[in-house]
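J.: Sequence first, predicted coordinates after that:
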Amino acid sequence: MATKIYGAFTLIGGGNNSLDSIDGANLVDGDVAIVFTNNKSLVYALDSTSGDPESSPDIIAPDNSGGAKRWILQSNPFDVTKSDVGLENVSNVDCTNASNLSTGTIPSNVLPPIALTNVQTAVDEAAMLALTAEEGDVVVRSDENKSYVHNGGSAGTMSDFTELQTPTDSVLSVNGETGTVTISKGDVGLGSVPNTDFTTPVGSNTTHRGNTSNPHGVDKSDVGLGDVPNTDFTNIVDANTTHRGLSNNPHSVDKSDVGLANVPNTNFTTPVGLNTAKTSYTGVATDHGTAATDQIVNVCYGTGSPPAANTTTIGSIFIKYTA
């Protein structure tokens with residue numbers, strides 16, 4: 001059977017214009033399909049025995065009657081070679097990796113500038129200018145303890161060199177003094193300090209270490225205790241300084257000061273007078289006869305009439321409520 005060429009506009013999805021919608025029953029080995037999608041064309045060749053799982057865009061399986069048939073993406077369907085595009089002399093080598101360049105010569109004009117620095121020594125300016133030097137070379141002047149770098153100039157003078165401004169490892173000055181410096185305690189603001197070991201007692205003219213008799217005359221005001229009397233409070237003191245042991249309310253505290261202003265001064269351990277303890281209640285007879293008492297002896301409650309005991313016993317209370 002002759003090879004057929006099919007066309008499609010999408011790869012998968014089963015639509016009329018998709019590659020996988022072409023009926024597998026009509027496909028034979030070697031058929032070609034060209035898919036125009038995403039502004040490019042892809043070329044597929046049918047392999048009737050592949051059976052590989054579908055993996056778009058590389059492998060496309062027909063949706064119907066495909067069996068083992070698969071459309072295989074062709075990376076170079078027309079067998080184009082480097083000679084066909086005029087590159088037959090170009091090796092297939094990654095030239096971005098210098099280790100792959102094993103033969104040939106690299107032109108010097110494509111190489112970055114390379115500077116080889118020489119370090120030379122000169123005893124004075126004349127000897128320095130007589131040296132053969134080029135840009136980047138360093139000259140050490142032994143007479144100045146300075147170093148210079150050639151800056152590329154060609155005037156033949158010191159303008160062709162730039163001094164290297166690097167600090168040296170020597171001390172430049174001590175307390176503002178330069179050269180050979182000898183300093184004393186006066187140079188650092190300690191001229192009046194004696195050369196004395198204060199870790200041990202010294203003469204009375206320089207210290208009073210160990211003196212515990214208040215040599216500076218400190219008093220109680222100096223330590224913030226000017227109003228404190230010099231009194232031994234571990235024992236009872238005179239009345240003008242304390243009232244330790246007094247129990248007659250020296251500060252005149254009353255019941256209002258302790259939050260009991262509304263409490264009457266009454267002994268509640270015994271019955272109290274009628275003017276403070278008896279209260280009239282609505283519905284309770286206040287006349288208990290000649291043998292009235294100020295004590296409640298019986299309390300009952302109910303929804304009907306009070307029992308006989310509550311109507312005959314003095315001091316009884318009956319509470320009636322509605323169920």
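T.: Cool, got the structure. Residues are numbered from 1 along each chain as shown.

J.: and M158, how many neighbours does it have?
T.: By other C-beta atoms under 10 Å, the residues close to M158 number 13. All C-beta atoms are positioned from the backbone trio N, CA, C, and that covers glycine.

J.: Could you check the pLDDT of it?
T.: Per-residue pLDDT puts M158 at 94.

J.: and it, what is it in contact with?
T.: Contact partners of M158, counting by C-beta atoms under 8 Å, 6 or more residues apart in numbering, are E125, M128, L129.

J.: Just the buried residues of stretch 40-56, please?
T.: L42, V43, Y44, A45, L46, D47, S48, S50, E54 (16 or more other C-beta atoms under 10 Å).

J.: returning to that earlier point: if any of the contacts of M158 are buried, give me the PyMOL selection for them.
T.: Here is the PyMOL selection string for the buried members of the contacts of M158, based on 16+ other C-beta under 10 Å:
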select buried, resi 128+129
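
J.: Pipe the contacts of M158 into CSV and attach secondary structure and distance to V263 per row.
T.: Shown next, in CSV, are the contacts of M158 (DSSP: H, G, I helix; E, B strand; the rest coil; distance: C-beta to C-beta, whole Å):
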residue, secondary structure, distance to V263
E125, helix, 112
M128, helix, 112
L129, helix, 115
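
J.: quick one: contacts of stretch 139-155?
T.: Outside stretch 139-155, the residues touching it (C-beta under 8 Å, 6+ apart) are 119-125, 128, 131, 133-138, 159-164, 166, 168.

J.: swap the cut-off to 7 Å and go again
T.: Outside stretch 139-155, the residues within contact range by C-beta atoms under 7 Å, 6 or more residues apart in numbering are 119-124, 128, 131, 133-138, 159-164.

J.: Output that stretch as PDB - backbone C-alpha positions only.
T.: This file holds the C-alpha atoms of stretch 139-155, laid out as PDB (Å, rounded to 0.1, in the frame of the first residue of the first chain):
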ATOM      1  CA  VAL A 139      59.200  50.300  41.000                       C
ATOM      2  CA  VAL A 140      60.300  50.300  44.700                       C
ATOM      3  CA  ARG A 141      62.300  53.400  45.700                       C
ATOM      4  CA  SER A 142      64.700  52.400  48.400                       C
ATOM      5  CA  ASP A 143      65.600  56.000  49.200                       C
ATOM      6  CA  GLU A 144      62.000  57.000  49.900                       C
ATOM      7  CA  ASN A 145      60.500  53.700  51.200                       C
ATOM      8  CA  LYS A 146      57.800  54.300  48.600                       C
ATOM      9  CA  SER A 147      56.400  52.300  45.700                       C
ATOM     10  CA  TYR A 148      55.300  53.500  42.200                       C
ATOM     11  CA  VAL A 149      53.400  51.800  39.400                       C
ATOM     12  CA  HIS A 150      53.900  52.800  35.700                       C
ATOM     13  CA  ASN A 151      50.700  54.400  34.500                       C
ATOM     14  CA  GLY A 152      51.400  54.000  30.700                       C
ATOM     15  CA  GLY A 153      52.700  57.500  30.300                       C
ATOM     16  CA  SER A 154      55.600  58.100  27.900                       C
ATOM     17  CA  ALA A 155      56.900  61.500  29.000                       C
END
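
J.: That stretch: which residues count as buried?
T.: Neighbour counts using 16+ other C-beta under 10 Å place V139, R141, S147, Y148, V149, H150 of stretch 139-155 among the buried residues.

J.: Pull up the pairing partners for the host helix or strand of the third one, direction included.
T.: By that I understand S147. Secondary structure from DSSP states H and E places S147 in strand 146-150. Strand 146-150 sits in its sheet next to strand 138-141 (antiparallel), strand 161-163 (antiparallel), going by DSSP bridges.

J.: Quick check: the two most widely separated of the buried residues of stretch 139-155?
T.: Of all pairs drawn from these, the greatest distance, 13.2 Å, lies between R141 and H150 (C-beta to C-beta).

J.: in this structure, which spans are strands?
T.: Using DSSP state E, the strands of the chain run over residues 5-8, 32-37, 40-47, 59-60, 70-73, 119-122, 138-141, 146-150, 161-163, 298-302, 316-320.

J.: Now T49: closest residue in space, sequence neighbours ignored.
T.: A68 (5.4 Å; C-beta to C-beta, 6 or more residues apart in numbering).

J.: Burial check on that neighbour, number of neighbours?
T.: Neighbours of A68 (other C-beta under 10 Å): 12.

J.: Do I have it right that it meets D47?
T.: No. The criterion here is C-beta atoms under 7 Å, and A68 misses it with D47 at 8.3 Å.

J.: Could you measure from the closest residue to A122 other than its chain neighbours over to E134?
T.: The shortest distance from A122 to any non-neighbouring residue, by C-beta to C-beta, 6+ apart, is to M128 (3.7 Å). Noted for M128: a distance of 14 Å to E134, by C-beta to C-beta, to the nearest Å.

J.: and if you look at N249?
T.: In this view, N249 and E134 are 110 Å apart by C-beta to C-beta.

J.: Look at these two and report which has more neighbours.
T.: E134 (11 against 8).

J.: Run through the residues that contact the more buried one.
T.: H150.

J.: Ramachandran angles for it?
T.: phi -130, psi 170 (degrees, to the nearest 10).
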